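S.K.: below are the sequence and a predicted model for it; my questions follow.
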2 protein chains.
Amino acid sequence: MTKWVYRFSAGRSEGSAAMRDLLGGKGANLAEMAALGLPVPPGFTITTEVCAHFYANGHAFPKGLEAEVDAAMEEIGRIAGHAFNDPKWPLLVSVRSGARASMPGMMDTVLNLGLNDKTVEALARYSGDARFAWDCYRRFIEMYSSVVLGVEHHIFEEALEEIKEAKGLTLDTQLCADDWRAAVARFKAIVEANAGVSFPQEPRAQLWGAIRAVFASWMNHRAIVYRHLHNIPESWGTAVNVQAMVFGNMDANSATGVAFTRNPSTGVKELYGEYLINAQGEDVVAGLRTPQPLTEVASRASPGEKISLEAAMPKIFAEFTQVADKLERHYRDMQDMEFTVERGKLWMLQTRNGKRTARAALKLAVDMANEGLITREEALLRVEPTSLDQLLHPTIDPAAKRDILATGLPASPGAAFGEIVFNPEEAETLAASGRKVILVRTETSPEDIHGMHAAEGILTARGGMTSHAAVVARGMGKPCVTGAGALRIDYEDQSFTVAGKRFVKGDKLTIDGSAGHVIFGEVKMQRPELTGEFAVLMGWADKIRRLKVRANAETPADARAARRFGAEGIGLARTEHMFFEGERIVAVREMILADDAEGRRAALAKLLPIQREDFKHLFEIMAGLPVTIRLLDPPLHEFLPHNDTELAAVARAMGADPVKLRRRALQLSEFNPMLGFRGVRLAVVFPEIVDMQARAIFEAAIEASLSTGEPARIEIMAPLVFARAELDLVKARIEAMAALVEQETGVRPRFEVGTMIELPRAALRADEIAPSADFFSFGTNDLTQTTLGISRDDAGSFLGAYVEQGVLPHDPFVSIDQEGVGELVALGCQRARAARPDIALGVCGEHGGDPASVAFFETIGIDYVSCSPFRVPIARLAAAQAVLGRKADGTA
Amino acid sequence: MTKWVYRFSAGRSEGSAAMRDLLGGKGANLAEMAALGLPVPPGFTITTEVCAHFYANGHAFPKGLEAEVDAAMEEIGRIAGHAFNDPKWPLLVSVRSGARASMPGMMDTVLNLGLNDKTVEALARYSGDARFAWDCYRRFIEMYSSVVLGVEHHIFEEALEEIKEAKGLTLDTQLCADDWRAAVARFKAIVEANAGVSFPQEPRAQLWGAIRAVFASWMNHRAIVYRHLHNIPESWGTAVNVQAMVFGNMDANSATGVAFTRNPSTGVKELYGEYLINAQGEDVVAGLRTPQPLTEVASRASPGEKISLEAAMPKIFAEFTQVADKLERHYRDMQDMEFTVERGKLWMLQTRNGKRTARAALKLAVDMANEGLITREEALLRVEPTSLDQLLHPTIDPAAKRDILATGLPASPGAAFGEIVFNPEEAETLAASGRKVILVRTETSPEDIHGMHAAEGILTARGGMTSHAAVVARGMGKPCVTGAGALRIDYEDQSFTVAGKRFVKGDKLTIDGSAGHVIFGEVKMQRPELTGEFAVLMGWADKIRRLKVRANAETPADARAARRFGAEGIGLARTEHMFFEGERIVAVREMILADDAEGRRAALAKLLPIQREDFKHLFEIMAGLPVTIRLLDPPLHEFLPHNDTELAAVARAMGADPVKLRRRALQLSEFNPMLGFRGVRLAVVFPEIVDMQARAIFEAAIEASLSTGEPARIEIMAPLVFARAELDLVKARIEAMAALVEQETGVRPRFEVGTMIELPRAALRADEIAPSADFFSFGTNDLTQTTLGISRDDAGSFLGAYVEQGVLPHDPFVSIDQEGVGELVALGCQRARAARPDIALGVCGEHGGDPASVAFFETIGIDYVSCSPFRVPIARLAAAQAVLGRKADGTA
């Protein structure tokens, strides 16, 4: 026969923490505390199976439940020493929901159940406080009537206001016992008038009404929406906990408080919390009275006259300290506890793993491992990899007030403050003069990069999580908010309007790239501090992980940041990002607009020394670590002049006819540049570009090796390959150039040649391509675009709807689509290894910094991931967790 | 021991037609004719293995070859009754190349070998014609010296000119025997001066020089290029044929001619050919004398005094007729023969399967099958499917002169003539007034369609074989030339220039869409005639093929053409093609620019009756055959207003603010529309579009069923799906609409819902999607675009180079990329069938009309292909050939 009810009381328990699915989180933890012998008020949990039965059978309860509840109530009475309707000291109980996952405030609760016209008098006598008793009773009527009988809350509130007004009072605390007695009479009348029944006087009837109502609240609108947002299945259901009430507000020997076993904000090992003497739990939260610190240390550290629990109730404090310690050791994690002292007796009402900041999570994990409370492997699993982002960027002080103008996408984490500018040139100028700016654009394009570099943060009105602005900003570690659609930008007017307000150039703005907030004015921030624990945890992660972690970087600043964050090389240096700086764009345009190979070579000759210098810096910074340089990738027209002035400049530099140039520029424009003349196709048609880049790479590597004393590890990568012949053509040019450079310098460059795998065909033909490639790097961004047929830049119009309607579980550009794109990557790996077992397999898309994707890459045997420098620590930790995950599920 | 030499002579033969690889085409056929006992001048073939040995061993011949050649020469002498240097009647031989595949004129030949200062005199005596003998000798010196000794041809030509000038003559025929004797002396001097050797007098030395030179010519530049262009492997090598010379110009009892066993132009069963009395083979070709018809029938049919062979040499004619008949029966195909009559004796010099026109091929195949010469299956294999195109379109008279202005891509077959217009509106107006126009555009877009419909043909300066213009024109069966890059179009001036000439509106132009020619003025054309044989062969194909063939069609005209060509339903009706006609575009624009679902519904209500009417026509024409209607697919901005006038019209219709509309239009513009907000994504975000289209379909089907008496077979197809949830959302809307229509009309619409599979993810997830789909239709156009990452519209800049450099074997939009895209299609089929064995699997890309692709689809178990109406017969034949191909290779 199914058991519907699980009882608990100090030292006795039918349940345990492991029975969360059946008893809900609250019930399971109460059961566990009780089993540990801690002072838990007696009670019982009605299981989630009853909830399932309730909904499957037209709100009927299963047979046998009633008898089990009656028996459990009897036991509560026996243990507590009093029962419902006890004329001396009547038992009161709370009836609370408690689901498997926490759903704070979403479902209903009834407190003080058991009060009626008689027991209220008994409580008054027993407590010696008539005001307390009648206040409890009117609260109970209000709560019960609204939860169980459907009388709206505001009706009681209005009546109470009238009572106070009639007496010329403003605060509830000013009302005396008789006032509350009058309020009770009035409330009962309200119930009769609105619910059509008189307020139930029989506690057992009250109990069943409350149990039914709490189960019913599983399907209230709030709860349904919350579950939907948090992916909590409806089928889980809630449990219901019935427990004897204890009162922290019965006298001066009573108190109530909340506590953490460690500081949840910093992670420091110190009992941390607040309490109030002669108060109820809600008083601590409500803020009418100022809560006091628990410990003497905390008391001395804070200003003003404070009496700590340690000083006020030393015995209770000692007992509570032991309890807290026991709970933390038992749960092997920081606990968040609620307690009440009733007439000098400590009662534990709740414990759970405490929420913590990223910083605290890190310290807790490392400390607990060092204390031997948990293993290092467990410590690694205690820190959410993406939360590390918070530690690497300035963040907004959690206490600061935010005047949010608009919300966009949290495109690149961290917060930034500055004055509004609308164009990248101005951003550069102002930044050069020491001013902080936020670059505001409808969207960004490659030629905005210098302005993005100069700005503190970037804000765009269009674009998604993987728009140009987002990708580049993450790469730079700059805070960025994209797709703030409410902004109406007017470049000519140098202003934007949002929600009817107008903001002009120079106005101050703060953006929170972790939350997607656009905030008016300057908000207080916290600087990042990489504590010792960060380094320690990263060290542990590095020992466990199998996946290597490299960074996507092309500027010296990025490369240096990458090394600081522990990158083991550069997995992707996008040469085209170097093409927009300063004067070089004119030479780039010359190359593109040249009529023939001759003209292109002349322009390329100008670019050679610039590229060589760029590459030299990278090789020097990475001294001996591998540097993967990708050959020119984007559609040429990205570099084209945008107006007649720019066109004229190029025409002058080339000595060419502007009209002819304009025509050529028009020829280069494409309908779908993403699928156009780009990638290795440029190299196949204009091999002289490869020649120049290969020469620049080899010469740079030779110079850098001399200055660092380490041999440069060159990896040259062809983009957008779909057939072996493309790679072979490029490889032949590179090898010829290597021979030429050897002839000229006497040094034979050592290098590897590989390819991006970023088209479905490349993944399918991996076995054909692999014999020509020393390495593959899966470009999962473009592979996602082609496999799903989604242009990142244009996805804004439907991707939101797709995730909302559950067509996609998440943005596939943020976390890899394992079933589609993932299968292609896995297939590519498998076929590549079959054809060439020693091939190195990497991933250099955005997914390289996403923990769920990293876990997937671990399972399919990728050798390394490469992500933006600021994501390197995330990837290192995620890679370690991935190994642990496979150990846990037995696949490694 | 390897045998290097294969001998042949009338009635004796060491080789056969089956030994083509070893003996080359010419050698094998000579051997075969000899084996048949036909009068073949004796000779022998040196095998292709000697060629391989020659190149593998530094141009050395294998041991034993010399002895074998000597023995064979001896046998020739024995059979012919004379030998080299025979003082009475010296033997002369020809030395010719002959590879496995025909490479006409690419390699070298030496004739009249065996002549020298002595034998020339003997020949003069024997033939009684000194002029003939000396002319032969000087020809031999000229040919041998250029082929073997490397003396350039023009030196001899110039010397000959001088001789004629000195005598005041202009024609070779005016020279007498002594002139030729003088020429010989002069030629020998030239050889000494230029080659540094005297002209070899010893026939055996001449022979080895010629054999060596012919083998060497396998690697001359011409031959290498030809092989590359025709995919002939270098390793095949050539054979060398040495054969006794016979002379058709020895006297009035001699003659020479060429003949076909049937008419190669019409296929009619009649001996067809020409001959000349007392002439050499080259005289028939050279055109100095007018050749005579072979038969009396032909003689009477042609104007002027003609003497047929039948009349002139009745015995020879009778013998030749028998030979021809024997050869055709033996080879079971129309033969193309060369013969010579030397002093009253018939010699057969060559036979091979004759080239034929598409029309002749069709008639030959059907006739020969009816005659029992070949089986019906063989008949089906005798016709190249794509050649049927020629029969379905008007073509340029092969005899007509073409003044070609420019050459573009043969984008849609057939020829068209008309006056130049530059805009679609004008095309429509002029066509309505009965004038024929050619629409000339830089490139076309969907709103040009009405103009394309009105035009006789379409010519564009940009775009490839699968550009918009090409695809639409093929769909319409209109001739089209795309990518004629030499055209510089100036819309404002209403003119274009090409090669310095200017053409204006109204100038006359002919285009040949089968050849890609743009031709000045009007050229004579041939009308298509679908002869009885066409229907017969199609009938045979239909009995054998497994693949069903449907058509891509949305207009009534296309649908009717589709049925005429034997389509078994519509596999793809693109609803958006209907959106551009007349007034409906304004309503379409209203829908797109609407702010909310309300506004969209209002616009959709205007479109409903129009769409219903469109669909009704399709259902009526297809009466009972399946009609697959694809829901709205393209990016919305394709329909946007292009200028302020159009914008104002929409604003008026909507009662909306033009400025707001402009902003909305801007919002809809995309970077990569191909990967943007289109396909099923429109349906997911704007489901009211699905509602309207589903209603239009159901209501149209009900009406059509009433008028045709056949239940309409509705198939509704969602485009660009990549996940099952998308299809489910659409399906739910369609099913709800079906229920509503049933409620309203009392008729329950019967329909199937399926999806395009045109994204790699869809193919990979076929097992997930299949349970929700009644059918899949692989959209191999878009699947190629995404799998290879190539935008069709932008591929022009590199696809040519890719095919030229061998990166791709062919344009993957013309013939499916079997290794990449093909694997995805195969995988999709396999997974779909595993999840839902009864699912129908089709292909509706351009590849559905490509024979190589059809053969591939046959092997992977596709159920039907759908192609443009004019390709339906091609697909039917290709599908039959695919079945036969699988039978032949044992896979079916």
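M.R.: Yes, it's here. Residues are numbered from 1 along each chain as shown, chains lettered A, B, ... in the order given.

S.K.: gap between A:I714 and A:A701?
M.R.: According to C-beta to C-beta, to the nearest Å, A:I714 stands 5 Å off from A:A701. C-beta coordinates here come from the backbone N, C-alpha and C atoms, glycine included.

S.K.: overlap in contacts of the two?
M.R.: Listed as contacting both A:I714 and A:A701 by C-beta atoms under 8 Å, 6 or more residues apart in numbering or on different chains are A:F619, A:P749, A:F751.

S.K.: now those residues in a markdown table, with pLDDT?
M.R.: Shown next, in a markdown table, are these (pLDDT from 0 to 100):
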| residue | pLDDT |
| --- | --- |
| A:F619 | 97 |
| A:P749 | 91 |
| A:F751 | 97 |
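
S.K.: going along the chain, name the helices of the stretch 301-450 of chain A.
M.R.: Ranges of helices within the stretch 301-450 of chain A are A:309-312, A:314-331, A:358-371, A:376-382, A:388-392, A:424-432, A:449-454, based on DSSP state H, counting those that start in this stretch.

S.K.: for these, which has the smallest mean pLDDT value?
M.R.: Of all the helices of the stretch 301-450 of chain A, mean pLDDT reaches its minimum on helix A:388-392 (a mean of 81).

S.K.: quick revisit: quick one: which of the shared contacts of A:I714 and A:A701 is nearest to A:N194?
M.R.: Of all these, A:F619 has the smallest distance to A:N194: 79.6 Å, by C-beta to C-beta.

S.K.: where's the closest one, which helix or strand?
M.R.: Using DSSP states H and E, A:F619 maps to helix A:597-621.

S.K.: packing partners for that helix?
M.R.: Using 3 or more C-beta pairs under 8 Å, 6 or more residues apart in numbering or on different chains; DSSP states H and E, the elements in contact with helix A:597-621 are helix A:556-564, strand A:570-574, helix A:584-593, strand A:626-630, helix A:687-708.

S.K.: out of the ones you listed, which gets the lowest mean score?
M.R.: Ranked by mean pLDDT, the helices and strands packed on helix A:597-621 bottom out at helix A:584-593, which scores a mean of 84.

S.K.: just to revisit the earlier point, so which of the helices of the stretch 301-450 of chain A is the most packed in?
M.R.: Stretch with highest mean neighbour count among these: helix A:388-392 (a mean of 23; mean count of other C-beta atoms under 10 Å in any protein chain shown).

S.K.: A:T340 and A:I316 touch, don't they?
M.R.: No. Taking contacts as C-beta atoms under 8 Å, A:T340 lies outside contact range of A:I316: 10.6 Å.

S.K.: list the buried ones in stretch A:33-47?
M.R.: For stretch A:33-47, burial by neighbour count (16 or more other C-beta atoms under 10 Å in any protein chain shown) applies to A:33-36, A:38-47.

S.K.: any weak-confidence spans in chain A?
M.R.: Within chain A, the stretches with pLDDT under 70 are A:284-288, A:465-466, A:475, A:529-531, A:582, A:892.

S.K.: quick one on the thing from earlier: next, show the common contact partners of A:T340 and A:I316.
M.R.: A:A255, A:L346.

S.K.: once you drop chain neighbours, what's closest to A:R545?
M.R.: The shortest distance from A:R545 to any non-neighbouring residue, by C-beta to C-beta, 6 or more residues apart in numbering or on different chains, is to A:A879 (3.7 Å).

S.K.: pick out the residue of the stretch 351-500 of chain A closest to chain B.
M.R.: In the stretch 351-500 of chain A, the residue that lies nearest chain B is A:R462 (8.6 Å; C-beta to the nearest C-beta).

S.K.: which ones are touching that residue?
M.R.: By C-beta under 8 Å, 6+ apart, the contact list for A:R462 reads A:T442, A:E443, A:T482, A:G483, A:G485, A:G796.

S.K.: out of the buried residues of stretch A:33-47, flag the one nearest to chain B.
M.R.: So of the buried residues of stretch A:33-47, ranked by how close each gets to chain B (C-beta to the nearest C-beta), first place is A:T47, at 33.7 Å.

S.K.: how about the residue of the stretch 51-200 of chain A at minimum distance from chain B, secondary structure?
M.R.: For the stretch 51-200 of chain A and chain B, the shortest gap (C-beta to the nearest C-beta) falls at A:A101, measuring 24.3 Å. Following DSSP: H, G, I helix; E, B strand; the rest coil, A:A101 is assigned to coil.
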